[in-house]
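Colleague: Here is a sequence with its predicted model. Questions after.
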Amino acid sequence: MFLTRRWLFITAGTAVFLLSSVRSSGSALRFPVGDPSSGSPYTISQKFQDAPFILNGKTISGHLGEDWAVDVGTNVFPIAPGHVVRSRDFQDNWCKVVIIAHENLVPGRTIYSLYAHLISILVGEGDDVIDVTKPIGLSGGPQCGYPPHLHFEIKEYHSANITPGSGYTDEPALNVDLLCHNDATFFRPSSFILGQIAIPSLLGSMSDKFDGDVLNINRWGCLVPPSQGASVTLADINQHLEVLMGTGVGGGGIVSQCSISGDFDVQVDYILLNWPINNNHSVRLGAYDLGGVGVLRFSASSSELYELGPGSTAHTPTNDTAGQFRLVRTGSTISGFFRTGSNWTFLGSETGATSATRFNLDLGTNGTFAPGGIVVAFDNFQVNAGSSVCPAAP
C-alpha cells in the first residue's frame, strides 16, 4: 500500500523471524574448500562487504558473500547436512549455482548456504545432502568471466524468492558481520562457520541502544520491502542502526519481535546522515500492526515536515537533521510527538485500534524520481510504558 506522498509497509506477505542463537551448540560446520586444519587453508580474494570497486565499467559496492580463491576443478563441499533447493545454471555472471537449506543449523530457522561460479554440479534439486565429505560441485570462475574462485554466501531468505540475488548491494559497503539487504539477512561466511557471530538474547526487553555492532535479530526482524526496484541495506554499525537506500520506490527497516498490548509510550532517536533537501523520503517510528500509524520526518518536494501518518493532516515544518520520535497510546487515542531540544512537541493524535502491536523503524519513498544514496540512523529505542509480549524461543 502506498500513500500519495508517504511510504508505508503493510503486514501482508511480510515475514519476520526469531533467532535463538547463531547456530546450535556443539554443531560443527565444515569449510566448503580449504579447511585451515587440513594444512591447505582457503584464501579470501574478496571479503564480505568489500569496499567499492569497478566491475565491467560499473561501480560495485558491498559484497554479500566471500570469494575463496581456489583452482578450477577444486572439490566444493557442503558446510552441513541439508536439502538442495537450487541446482542449476543461472547463466549471466553466476553460472552454475547450488543452494542448500539447512533446517537444523539454527533452532527454529532455515539458513541457506550458496555456492556459485561452479564449473560442474554433482547434486540435483530435491536431493538430501547427508554426507558432508562428498562434494556437491567443482569450482570454476573463468567460464563466468572471473578469476578462479568460489563465491560463497550464508543467508536467511525472508521471501519465497530463492535465487542467487544480486551478489552486491547498491549502497556503500559496511564493515559488519551481519546485515539485512532487501529480502534476506546475510552473515559473514567465515565468521559464521567459525562461530564468531554472537547474537544477544531477547533479554526480556524491547529497548535497544543499537550499540552491539551486530543487529540483534532476536529482538528485531528485517522488513521485506515491496518489490518496487529500490535497494535497501541496514546494519547495526557505528553504535546505531543505519539504513541505506538506493534509487527507486520502496523502503526498508526493522520491526520488533515483541509487541505491546494496551497503553504504551515508545520513543527513538533519529539522525539524517545523508538527506538532500526535498528528497521525497520519510523516516519513521511506526506502530506496525496498527496500519503503520507513526511519527515521520518527511522530505516533500517543496517542504520539510514532521507528520503523524498515515492519513492525518497533522504536520509541522522543520529543518531538523536529528531529533526524537515518540508514540503514545492511551485507550484508543494514538498521539505523536517530536523533540529536538529539552521539550516534547505535540504533533497530533488520531483514533486507532487497541490491539497489540509491534513497532517499526524504517526509511522509504513513494517518489518514482526520488534520489538514491539516502542514509539515516536510529538510536536508543526505548519503551517508557507498556507491557510487552515476546515470542518464545524454539
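Modeller: Received it, and whenever you're ready, just let me know what you need. It should be emphasised that the depicted structure is a prediction, and the values quoted were computed from it without experimental measurement. Residues are numbered from 1 along each chain as shown.

Colleague: which ones are touching Val266?
Modeller: Met206, Ile260, Leu285, Arg326, Leu327, Phe359, Phe381, Gln382, Val383, Asn384, Gly386 (C-beta atoms under 8 Å, 6 or more residues apart in numbering). The way it works is simple: take the backbone N, C-alpha and C, and place the C-beta from them, glycine included.

Colleague: unless I'm mixing things up, Ala356 is touching Ser388, no?
Modeller: No. Counting by C-beta atoms under 8 Å, Ala356 stays clear of Ser388, with 9.3 Å between them.

Colleague: Now stretch 147-158: buried residues?
Modeller: With burial defined by 16 or more other C-beta atoms under 10 Å, the residues of stretch 147-158 counted as buried are Pro148, His149, Leu150, His151, Phe152, Glu153, Ile154, Lys155, Glu156, Tyr157, His158.

Colleague: Contact partners for the fifth one?
Modeller: Residues touching Phe152, when contacts are defined by C-beta under 8 Å, 6+ apart, comprise Pro32, Gly65, Glu66, Asp67, Trp68, Ser113, Leu114, Tyr115, Ala116, Pro189.

Colleague: Return the distance of it relative to Val176.
Modeller: Per C-beta to C-beta, to the nearest Å, Phe152 is found 17 Å from Val176.

Colleague: do the fourth one as well
Modeller: The gap separating His151 from Val176 is 19 Å, by C-beta to C-beta.

Colleague: just the second one next, same as before
Modeller: Plainly put, His149 is 22 Å away from Val176 if you go by C-beta to C-beta.

Colleague: for the third one, same thing?
Modeller: As for Leu150, its distance to Val176 is 22 Å (criterion: C-beta to C-beta).

Colleague: Tell me which residues touch the nearest residue to Thr247 once chain neighbours are set aside, please.
Modeller: Leaving out its chain neighbours, the residue that sits closest to Thr247 by C-beta to C-beta, 6 or more residues apart in numbering is Gly372, at 3.4 Å. Contact analysis of Gly372 by C-beta under 8 Å, 6+ apart lists Asp170, Met245, Gly246, Thr247, Gly248.

Colleague: So in terms of bridging, what pairs with the closest residue in space to Asp127 that isn't next to it in sequence?
Modeller: Leaving aside its sequence neighbours, Asp127 sits nearest to Val84 (C-beta to C-beta, 6+ apart; 4.4 Å). Bridge pairing for Val84 (DSSP bridges) gives the partners Ile100.

Colleague: how many other residues sit next to Val84?
Modeller: 19 (other C-beta atoms under 10 Å).

Colleague: so it makes contact with Val129?
Modeller: Yes. Using C-beta under 8 Å, Val84 is in contact with Val129, at 6.3 Å.

Colleague: Mutual contacts of those two, please.
Modeller: The contact lists of Val84 and Val129 share Ile100, Val123, Ile136, where a contact means C-beta under 8 Å, 6+ apart.
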